[in-house]
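Peer 1: my questions are about this predicted structure, shown below with the sequence.
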Amino acid sequence: MEKEIFVAPRASRSTRNLSERSKARTYVETGAFRPYGGESQKVKFDSLGEFDAFVTTTAIYRVADMVEQPSAIEYVDAEGRPRRKVVDQLYTFADGTKVAAEVKPAARAKAQNLEEHLSFVAASMPSEFAETLVLITEENYDRWEALNARRLLAYRREDDPEAASIIAGLAAELELPVTIRELIAQADIGGRAWPEVFKAIYTGVLRPLEDGIIDLEMLVEGGAK
């Protein structure tokens, strides 16, 4: 058997030094984000809100790259004063589209009239930097979506093609919905099945009958139906 060679993830490209010792912030670092078509890389966040915005985005969309705290955007504010803005996240999707994102709690965004403020930033944002600037708050996703997405991020760090093929084969043969527990029992590959079932839900190989936390009692059916 060939010995696996560990390849360390690329370092974060943040332009800011986010301190994990900061008392004012919740520091989060992922050690193995694997973008579509790219190498594993570290990404850092100074709040759980930023982390959840990231995991929900990467769960739903084909993210080819994400840079946290990218280079500053020069703009002119409502009073005509020159300013600089460092947005929280810069996404590049698999189709080449670039989207900049500012992440804030909904109450703070409203109190700061952040949407209007960001409109001035967007007006001066170079097209090569990003095509769109969006504001993301906790109102853009449900809590269960973020919790599922956190687990998906961890499961996507490892590939198990054989287990994935077994789950896909079972999904194609389903005539009636079954619980995930029943599907795992049919797979008969032990703990290898659960991460692949989880990933199969996000790729459309399996389809849940209702929204919510993905657990063993969730009913799923074949995604082709």
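Peer 2: On my side now, so go ahead. Residues are numbered from 1 along each chain as shown.

Peer 1: show me where this protein has strands.
Peer 2: 28-33, 41-45, 63-68, 73-76, 82-85, 89-93, 98-103, 132-136, 178-179, 206-208, 219-222 (DSSP state E).

Peer 1: who's in contact with the shortest one?
Peer 2: Taking contacts as C-beta atoms under 8 Å, 6 or more residues apart in numbering, the residues outside strand 178-179 that touch it are 186, 216-221. C-beta coordinates here come from the backbone N, C-alpha and C atoms, glycine included.

Peer 1: in PyMOL, how would I select the buried members of those?
Peer 2: The buried residues among those can be selected in PyMOL (16 or more other C-beta atoms under 10 Å) with this line:
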select buried, resi 218+220+221
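
Peer 1: closest to residue 146 out of the contacts of strand 178-179?
Peer 2: residue 218 (17.0 Å; C-beta to C-beta).

Peer 1: against residue 207, how distant is the closest one?
Peer 2: From residue 218 across to residue 207, the span is 11 Å (C-beta to C-beta, to the nearest Å).

Peer 1: what of residue 77?
Peer 2: Going from residue 77 to residue 207 by C-beta to C-beta gives 47 Å.

Peer 1: next one: residue 223
Peer 2: 5 Å.

Peer 1: so what pLDDT did the nearest residue in space to residue 211 that is not next to it in sequence get?
Peer 2: Leaving aside its sequence neighbours, residue 211 sits nearest to residue 144 (C-beta to C-beta, 6 or more residues apart in numbering; 6.9 Å). Residue 144 is assigned a predicted lDDT (pLDDT) of 96.

Peer 1: what's the neighbour count on residue 49?
Peer 2: Burial measure for residue 49: 21 neighbouring residues, criterion other C-beta atoms under 10 Å.

Peer 1: what's the closest non-adjacent residue to it?
Peer 2: Closest residue in space to residue 49, ignoring its immediate chain neighbours: residue 103 at 5.5 Å, by C-beta to C-beta, 6+ apart.

Peer 1: what about that neighbour, how many residues close to it?
Peer 2: So residue 103, with other C-beta under 10 Å, has 24 neighbours.

Peer 1: likewise for residue 85?
Peer 2: Neighbours around residue 85, by other C-beta under 10 Å: 19.

Peer 1: what pLDDT does it get?
Peer 2: If you check residue 85, the pLDDT there is 95.

Peer 1: check residue 55 too.
Peer 2: So, for residue 55, pLDDT stands at 93.

Peer 1: gap between the nearest residue to it once chain neighbours are set aside and residue 98?
Peer 2: Nearest residue to residue 55, sequence neighbours excluded (C-beta to C-beta, 6+ apart): residue 149, at 3.8 Å. Distance from residue 149 to residue 98, counting by C-beta to C-beta: 21 Å.

Peer 1: looking only at neighbour counts, state which of those two leads.
Peer 2: Comparing residue 149 with residue 98 by other C-beta under 10 Å, the one with more neighbours is residue 149, at 21 against 16.
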